[in-house]
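J.: need a structure here:
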Amino acid sequence: MSIYVGNLSFDVTEDDLKEVFNDYGTVKKVKLPTDRETGRPRGFGFVDMSTEDEEVAAIEALDGAEWMGRDMRVNKAKPRENNKGGSFGGGGGGGRRRDHY
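T.: Sure, this is the predicted structure:
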């Protein structure tokens, strides 16, 4: 299970995040997604800890905590929804449009 950490400063590094979460247990992995086009951090990240008890302790302690000038949002990460494939939404009718005035 992963922890979602949102509303992060764009200056935060994976090492910074690991250091904060180490106070609540063993951090197995930290991921800070970046924008594909600019390479800049996106302002959120994910932290994996060794046990669920450690994750719960970190979430309870850090959700809403002020860090680097921002109030962090910390909660259990939700599974990523796959938006690829499948329906493309409302249909279109296609063809050529003919306007008769």
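
J.: so residue 4 makes contact with residue 75?
T.: Yes. Using Cβ atoms under 8 Å, residue 4 is in contact with residue 75, at 5.6 Å. Backbone N, C-alpha and C define where each C-beta goes, glycine included.

J.: My assumption is that residue 64 lies in a helix; please confirm.
T.: No. Residue 64: not assigned to a helix; according to DSSP: H, G, I helix; E, B strand; the rest coil it is coil.

J.: Could I get the pLDDT score of it?
T.: According to the prediction, residue 64 has pLDDT 97.

J.: What sits closest to it if chain neighbours are left out?
T.: residue 71 (5.7 Å; Cβ to Cβ, 6 or more residues apart in numbering).

J.: Please list all residues in contact with the one you found.
T.: By Cβ atoms under 8 Å, 6 or more residues apart in numbering, residue 71 lies in contact with 7, 64, 65.

J.: count of residues packed around the first one?
T.: Residue 7 has 13 neighbours, counted by other Cβ atoms under 10 Å.

J.: was I right about residue 62 contacting residue 22?
T.: No. With contact defined as Cβ under 8 Å, residue 62 does not reach residue 22; the gap is 12.0 Å.

J.: Which one's more surrounded, the two?
T.: In this view residue 62 and residue 22 are compared by other Cβ under 10 Å, and residue 62 has more residues nearby, 20 against 12.

J.: Identify the bridge partners of the nearest residue to the more buried one once chain neighbours are set aside.
T.: Spatial nearest neighbour of residue 62, excluding adjacent residues (Cβ to Cβ, 6+ apart): residue 74 at 4.5 Å. Taking DSSP bridges as the rule, residue 74 bridges to residue 5.

J.: how about residue 74, what does it touch?
T.: 3, 4, 5, 6, 58, 59, 62, 63, 64, 65.

J.: List the backbone torsions phi and psi for the nearest residue in space to the last one that is not next to it in sequence.
T.: When you say that, I think you mean residue 65. Leaving aside its chain neighbours, residue 65 sits nearest to residue 72 (5.5 Å; criterion: Cβ to Cβ, 6+ apart). Dihedral angles of residue 72 (phi, psi; degrees, to the nearest 10) stand at phi -70, psi 150.
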